[in-house]
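*Asks:* Predicted model, plus sequence, below.
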Amino acid sequence: MDSRKTVSPARSTVSLSGEARQTIDMLIHSSAQLLTLAGGPQRGNTLGNLGLLPGGAVAIHMGKIVETGPSTELLTRYTAAVQIDASGRVVMPGFVDPHTHFVWVGDRAQEFERRLAGASYLEILAAGGGIMSTVRQTRAAGTPMIVDESRPRMLRMLRHGTTTAEVKTGYGLELDTELRMLEAILILAEDEGPTLVPTFLGAHAVPAEFSGRSDAYTDLVFQEMLPRVKEWWIEQAASRPLPFVDVFCEEGAFNLDQSRRSLERAAELGFPLKIHADEFAGLGGTRLAVELGAVSADHLVHTPAEDIAALGGSNTVAVALPATPFGLGESAYTPGRQILEAGGTLALASDLNPGTAWCESMQFIIALACRSMRLTPAEAIAAATVNAAAAVGLSDQVGSLEAGKAADLIVLDASDYHHLGYRFGTNLVSLVVKGGRQVSVAGG
Ligand code: NIG
Ligand code: FE
């Protein structure tokens, strides 16, 4: 990854008129609307500040943003190797997708039909299907197969405008496969795809061999696997920060006490924390996340009012995943407006996974969030960029177009940002720039 390179000073030349002009790698100019999202995470009802500059331009050099401003000014100050005329188009930061499970093997198309016929997600899981079915297929695969099956999803995310994505393990549920998943993530992170933010989710489900012994499995994950994961990480990826540790706090998965023990142990070992909380039942996972200083608490569909209040007074980012109830055909969604009223920092994510939400498009997530959570397009865009960056601890690097941040941005085939949210089901992204380089968006 090149996201930590510093910006080297652009060369200066003198134009015929005598003004000093800097030579840079790329200038995107004459946009209909430039959305900078500058100014950091947007808490509570401040959500939706797009930093909109009509006719704005972005100067890019060495993979970083040098400056944003009016095109008239930037065109006179910079000479760029690549100039992109964004007339009639919106230019904005690439999406940050702060919750995905995009690394897996196989599919669960048959399960989808069973759910349509009335079986619930947790019933299918309890009967050894659901997550366990993906676990069986992933356990049977070597690292190259895991990489090969996951890469097309990663590149589809990129073509739909996602330039940073969190990605979880959790389809191994035993050390070897969990490490193969981490290895696959590190291999994929070297591709020219989105920046990947890894998360260890050994506590995603209780595997069949521990059926009825969920305490024993919890202990295995956090007393034995986690220290091994840390050692392995330091050997394999010493230059990268430790992955997040996440736990599925849910009926039929891990109860509040098990989740607490798990996350406390992870914190002791120095891992940053996340949690899956209140997807189907409100067990207190959100309050636990706040108490332990987790970076994010995710799902939050059945979150009790007092937990929403606690979240509102904390720095834990609330990550809503509207594709999950949509994918399950359920009617309850994250109470986004209540979270905002309480002062919470709200982000959006896809939850891309083979069971509940096979969706690579943050554009579709924005469209869903507008309808199901009553967000305005501006609020949903901020939740999918600058606030999503906070949900993966990368506020200083991605999520907005500000000098010094990664040159990760997208150009929409639309002249007004409201088209995000308003339109859905087609890809509005006509150009992706990742780390200062243009990515082909052909291929759907
Ligand atoms: O976030 N809830 C747990 N994990 C995923 C689903 C994973 C799966 O079904 O494979 C989720 O919805
Ligand atoms: Fe999830």
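*Replies:* Good, I have the coordinates. Ligands and ions are numbered 1, 2, ... in the order given.
*Asks:* Residue ranges in the stretch 301-444 of the chain under the pLDDT threshold?
*Replies:* Where the stretch 301-444 of the chain drops to pLDDT under 70, the residues are 443-444.
*Asks:* Determine the number of other residues adjacent to the closest residue to ligand 1 within it.
*Replies:* Ligand 1 sits closest to Gly355 of the stretch 301-444 of the chain, with a gap of 2.3 Å, by CB to the nearest ligand atom. Yep, even glycine has a C-beta here, placed from its N, CA and C like the rest. The number of residues packed near Gly355 is 24, by other CB atoms under 10 Å.
*Asks:* Give me the phi and psi for it.
*Replies:* Main-chain dihedrals, Gly355, degrees, to the nearest 10: phi -100, psi -50.
*Asks:* just checking, it touches Val135?
*Replies:* No: counting by CB atoms under 8 Å, Gly355 stays clear of Val135, with 11.1 Å between them.
*Asks:* C-alpha coordinates for the helix or strand Ala347 falls within, PDB please?
*Replies:* Element membership for Ala347, per DSSP states H and E: strand 345-348. Provided in PDB are the C-alpha atoms of strand 345-348 (Å, rounded to 0.1, in the frame of the first residue of the first chain):
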ATOM      1  CA  THR A 345     -21.600   9.500  14.500                       C
ATOM      2  CA  LEU A 346     -23.400   7.500  11.800                       C
ATOM      3  CA  ALA A 347     -21.700   5.600   9.000                       C
ATOM      4  CA  LEU A 348     -23.000   3.300   6.300                       C
END
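*Asks:* Is it in proximity to ligand 1?
*Replies:* No: if you take CB under 6 Å from any ligand atom as the test, strand 345-348 misses ligand 1, and the best it gets is 13.8 Å.
*Asks:* number of nearby residues for the closest residue in space to Ser87 that isn't next to it in sequence?
*Replies:* In this structure, Ser87 finds its nearest non-sequential neighbour in Ser30, 4.8 Å apart by CB to CB, 6 or more residues apart in numbering. Ser30: 21 surrounding residues under other CB under 10 Å.
*Asks:* all numbers from here: first residue = 647
*Replies:* In the new numbering, first residue 647, that becomes Ser676.
*Asks:* quick one on the thing from earlier: and the following helix or strand past the strand holding Ala993, what's buried?
*Replies:* Along the chain past strand 991-994, the next helix or strand (assigned with DSSP H and E) turns out to be helix 1008-1018. By 16 or more other CB atoms under 10 Å, the buried positions in helix 1008-1018 come out as Met1008, Gln1009, Phe1010, Ile1011, Ile1012, Ala1013, Leu1014, Ala1015, Cys1016, Ser1018.
*Asks:* Spell out which parts of the protein neighbour ligand 1.
*Replies:* Going by CB under 6 Å from any ligand atom, the residues of the chain near ligand 1 are 747, 776-777, 780, 894, 922, 925, 970, 997, 999-1002.
*Asks:* how about 8 Å then?
*Replies:* 745, 747, 750, 754, 767, 771, 776-777, 780, 816-817, 847, 850-851, 894, 896, 899, 922, 925, 944-945, 967, 970, 997, 999-1003 (CB under 8 Å from any ligand atom).
*Asks:* residues near the closest residue to Ala786 other than its chain neighbours, how many?
*Replies:* Distances taken as CB to CB, 6+ apart place Val751 nearest to Ala786, at 7.5 Å, with adjacent residues excluded. Using other CB under 10 Å, the number of residues around Val751 comes to 23.
*Asks:* Would you mind measuring from Val751 to Ile985?
*Replies:* For Val751, the distance to Ile985 equals 35 Å [CB to CB, to the nearest Å].
*Asks:* got it, and Ala943?
*Replies:* Per CB to CB, Ala943 is found 10 Å from Ile985.
*Asks:* What of Leu819?
*Replies:* For Leu819, the distance to Ile985 - CB to CB - is 31 Å.
*Asks:* Of the two, which one has the most company?
*Replies:* Leu819 (27 against 23).
*Asks:* OK, contacts around the residue of the stretch 697-846 of the chain found nearest ligand 1?
*Replies:* Going by CB to the nearest ligand atom, ligand 1 is nearest to Ile777 of the stretch 697-846 of the chain, at 4.5 Å. Applying CB atoms under 8 Å, 6 or more residues apart in numbering to Ile777 gives the contacts Leu771, Gly816, Tyr817, His850, Ala851, Gly1001.
*Asks:* what's the answer for Ile670, then?
*Replies:* Applying CB under 8 Å, 6+ apart, the residues near Ile670 are Ala656, Ala705, Ile706, His707, Val712, Tyr724, Thr725, Ala726, Ala727.
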